[in-house]
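**Student:** Next one to model:
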Amino acid sequence: MNNIVKNSPAVLIILIAGLFWSFGPLVVRNIDDANSIAWQYLFFRGTAIFLVLNLYLFCSEGKKFLNNYYRVGLSGLIGGVCLGIGMIAFILSITTTTAAISMLMLAAMPFIASILAYIFLREKISFPTLTAISIAAIGVIFLAFDSKGEGTLFGLVNGLLSSLGFAGFTVTLRWRKNTPKFTTVAIAGIFCSIFALCVILLTNDNVFVSVKSSSLSALHGFLVCSGLILYSAKSKYLPAAELTLLSLTEVLGGIFWVWLPLFGINEVPTTNTLIGGAIISFSIIFYAYSSKRKMVRYS
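**Tutor:** A predicted model of the protein is given here:
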């Protein structure tokens, strides 16, 4: 019963984390010619994530937070690299294809995470979770109907790679629960920043871009960082498949914000996208309802 009670607020926190991430496509769409400065964007975003995380740790732990880097271990390093790769791939995807298609590929996270968690952690998937994932899969199929001719193969592949990277990060969070999770996120930020800087230098490009682009990159880093703090903090209460299923609020919000006329982007979703989004929403509601019934049953 105690575990079930703990899981209830964790579900809400993971949903909110997904909403933080969902503003990413909106921020990217406000960048002038984002496709041409993708690596500069990644450099500033990764740097912002690294700085914000370390500032957060310093405020909460003082100078002792530096000891976390000595305790991060193999799971933290692998998780940080996986998340860093996911961050890089997402920007390369969203800057070369529509938000709907990039979000579509992220919707594969629960399936990838469940497979990885079963292989490496032997985490079994409960029947309600499996049902919810199956329902979400139907929503993904509807979204896939709109992928033909709208995006490049490069964008699709990077979207899938982003999903794989984030799923891998989620599994490492579950691998060793005592690993300093926030430090793992900081490692992802600095990995992303250093990798982007190397690409910039190798291509003889300029590191610095306009103030607007740099500021938006840093803002995106702050949003990503805020969501990851929430996500990492509650990762120990839920299996990997459930974590990624609940974070699908990122997919729904990412499509919605760039469509909402208030923000002036107007990437209008098609009927299939709306149907797919509604089905994914239902899968999340179904999971939340099943969890509530389970909590009542054991109370």
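**Student:** pLDDT on the helix or strand harbouring A167, on average?
**Tutor:** Following DSSP states H and E, one finds A167 within helix 153-175. Averaged across helix 153-175, the pLDDT comes to 85.
**Student:** residues of that helix that come out buried?
**Tutor:** Counting neighbours by 16 or more other Cβ atoms under 10 Å, one finds that the buried residues in helix 153-175 are 155-156, 158-175. Yep, even glycine has a C-beta here, placed from its N, CA and C like the rest.
**Student:** One more: stretch 206-215?
**Tutor:** V209, S213, S214.
**Student:** For it, give me every contacting residue.
**Tutor:** Stretch 206-215 has contacts (Cβ atoms under 8 Å, 6 or more residues apart in numbering) with I31, D32, A34, I37, Q40, Y41, F43, F44, L197, I200.
**Student:** Filter those residues down to the buried ones.
**Tutor:** I31, A34, I37, Q40, Y41, F43, F44, L197, I200.
**Student:** how close does the first one get to L130?
**Tutor:** So the one you mean is I31. Here the criterion is Cβ to Cβ, to the nearest Å. By it, I31 lies 39 Å from L130.
**Student:** cool, the fifth one as well?
**Tutor:** As defined by Cβ to Cβ, Y41 lies at a distance of 37 Å from L130.
**Student:** now the strands for the stretch 151-299 of the chain?
**Tutor:** With strands called from DSSP state E, counting those that start in this stretch, the stretch 151-299 of the chain shows none.
**Student:** rewinding a little: just put the buried residues of stretch 206-215 in CSV and tack on pLDDT and distance to G277.
**Tutor:** Shown next, in CSV, are those (pLDDT from 0 to 100; distance: Cβ to Cβ, whole Å):
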residue, pLDDT, distance to G277
V209, 81, 33
S213, 85, 29
S214, 85, 32
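**Student:** now the stretch 1-150 of the chain, which segments are flagged as low pLDDT?
**Tutor:** Scanning the stretch 1-150 of the chain for pLDDT under 70 picks out the ranges 1-8, 143-144, 146-150.
**Student:** For G277, which residues are in contact?
**Tutor:** G139, L143, V251, L252, I255, F256, P269.
**Student:** what's the answer for I88, then?
**Tutor:** L42, C192, F195, A196.
**Student:** Within the helices and strands, which one has it?
**Tutor:** Under the criterion of DSSP H and E, I88 resides in helix 73-94.
**Student:** Check E123 too.
**Tutor:** Using DSSP H and E, E123 sits within no helix or strand.
**Student:** which residues touch it?
**Tutor:** Per Cβ under 8 Å, 6+ apart, neighbours of E123: S114, A117, R174, P239, A240, A241.
**Student:** residues near the fourth one, how many?
**Tutor:** It stands for P239. 22 (other Cβ atoms under 10 Å).
**Student:** which residue packs closest to it, ignoring adjacent ones?
**Tutor:** In space, and not counting its chain neighbours, P239 is closest to E123: 5.0 Å by Cβ to Cβ, 6 or more residues apart in numbering.
**Student:** Relative to R174, how far out is that neighbour?
**Tutor:** In this view, E123 and R174 are 7 Å apart by Cβ to Cβ.
**Student:** Please apply the same query to L243.
**Tutor:** Remark: distance between L243 and R174 (Cβ to Cβ) = 8 Å.
**Student:** so what's in contact with the two at the same time?
**Tutor:** Taking Cβ under 8 Å, 6+ apart as the criterion, L243 and R174 both touch S235.
**Student:** contact partners of stretch 92-99?
**Tutor:** In contact with stretch 92-99 (Cβ under 8 Å, 6+ apart) are residues 24-25, 28-29, 34-35, 38, 41, 101-102, 105, 150-152, 154-156, 158-159, 161-162, 254-255, 258, 267.
**Student:** so what's K234 closest to, chain neighbours aside?
**Tutor:** Closest to K234 by Cβ to Cβ, 6+ apart is A10, at 4.1 Å.
**Student:** Tell me if I'm right that that neighbour and S232 touch.
**Tutor:** No: contact criterion Cβ atoms under 8 Å: A10 and S232 do not qualify, at 11.7 Å.
**Student:** These two: who's more crowded?
**Tutor:** S232 (23 against 20).
**Student:** what's around the closest residue to G155 other than its chain neighbours, how many residues?
**Tutor:** In space, G155 comes closest to T97 once its chain neighbours are excluded; the distance is 3.0 Å by Cβ to Cβ, 6+ apart. Per other Cβ under 10 Å, the neighbour tally for T97 reads 22.
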